[in-house]
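A.B. asks: Fold the following for me, if possible:
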Amino acid sequence: MSDDSQEDLLNEQELIDMARRGEIEVDAIDQPKMSDTFTAENYIKFIKGEITWAQLEGMTIDEAYAIAEVGYTFLEQGKLDEARTLIEGLVIGNPYDAYLHSLLGAIYAREGNEEDAVEEFSIALGLDPDNVDALVARGELFLRHGVFDDAMEDLKRAIDLDPDETHPSTLRAKALAHATATAFQTVIESTNPEMRRPEEI
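C.D. replies: Numbering: from 1, shown residues only. Okay, the predicted model is just below:
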């Protein structure tokens, strides 16, 4: 330690000692003010699960979604660590938000963490069974792992929920469902010639 820093340390310690002895007067230091949302009533609501940690801290859902937009941008840019850090934090603070769980699932899927991705998509669908994006994403992961019944169920539900194809995911669901059905038909026909269509015989 340099003489200067040791002198500063001694001076600081001397000031503290002088304040304790009452030789110098020290004004009270203002403590950081807790958010107005940190009330006993809100703590009880949080414990009962009526509000989230983010709400207890005073974060609005609009603020959470603004941060989520940054996370989504990171995902699109391939900055997966940054995206995951942001969205995992938001999910902890907002555990009942289907969109955030779905976005976290997309990040995990992009990282190759497919087990956690399926779990996040399933949580999202538990919170919002009509989440077309989560249905298609989970269905695609099921297909990759040969869970065909569950995959086709997710894809069919997504298509049924969005007959006007307002979600880009719906087009993907249709393509995946068609490709899977065609692959099944090809396998069936190659193993059992009697199942061929009449025009093919």
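A.B. asks: how about residue 154, what does it touch?
C.D. replies: Contacts for residue 154 were tallied using Cβ atoms under 8 Å, 6 or more residues apart in numbering; they are 135-136, 138-139, 142. C-betas here are computed from N, CA, C, even on glycine.
A.B. asks: so, if you compare the residues you listed, which one comes nearest to residue 117?
C.D. replies: Taking Cβ to Cβ as the measure, residue 117 lies nearest residue 138 of the contacts of residue 154, at 8.0 Å.
A.B. asks: Flag every buried residue along the helix or strand that contains residue 138.
C.D. replies: Assessed by DSSP states H and E, residue 138 sits inside helix 132-144. Judged by neighbour count (16 or more other Cβ atoms under 10 Å), helix 132-144 contains these buried residues: 132-143.
A.B. asks: and if you look at stretch 149-165?
C.D. replies: Neighbour-count burial for stretch 149-165, counted by 16+ other Cβ under 10 Å, picks out 151-152, 154-155, 157-159, 161-162.
A.B. asks: Could you check how far stretch 160-180 is from the centre of its chain?
C.D. replies: How far stretch 160-180 lies from its chain's middle: 23 Å, per Cα atoms, centre = their mean, to the nearest Å.
A.B. asks: which parts of it are buried?
C.D. replies: Buried residues in stretch 160-180, defined by neighbour count with 16+ other Cβ under 10 Å: 161-162, 167, 169-170, 172-174, 176-177, 180.
A.B. asks: how does the protein divide up, domain by domain?
C.D. replies: Split into domains by automatic domain parsing, the chain comes to 37-128, 130-201.
A.B. asks: Residue 21 is nearest to which of the ones you listed?
C.D. replies: domain 37-128 (35.9 Å).
A.B. asks: Now the closest one: average pLDDT?
C.D. replies: Regarding domain 37-128, the rounded mean pLDDT is 89.
A.B. asks: Renumber starting at 626 from here on
C.D. replies: From this message on, residue numbering opens at 626, which makes the last subject domain 662-753.
A.B. asks: how near is the residue nearest the centre of the chain to residue 689?
C.D. replies: Note on the chain: the residue nearest the mean C-alpha position is residue 729, at 2.8 Å, using Cα atoms, centre = their mean. According to Cβ to Cβ, to the nearest Å, residue 729 and residue 689 sit 13 Å apart.
A.B. asks: now the spatially most distant residue from the centre of the chain, what's its secondary structure?
C.D. replies: Distance to the chain centre peaks in the chain at residue 648, reaching 55.7 Å (criterion: Cα atoms, centre = their mean). Put simply, residue 648 is coil when judged by DSSP: H, G, I helix; E, B strand; the rest coil.
A.B. asks: where does it land on pLDDT?
C.D. replies: Residue 648 is given a pLDDT of 72.
A.B. asks: how close does residue 750 get to residue 685?
C.D. replies: For residue 750 relative to residue 685 (Cβ to Cβ), the value is 25 Å.
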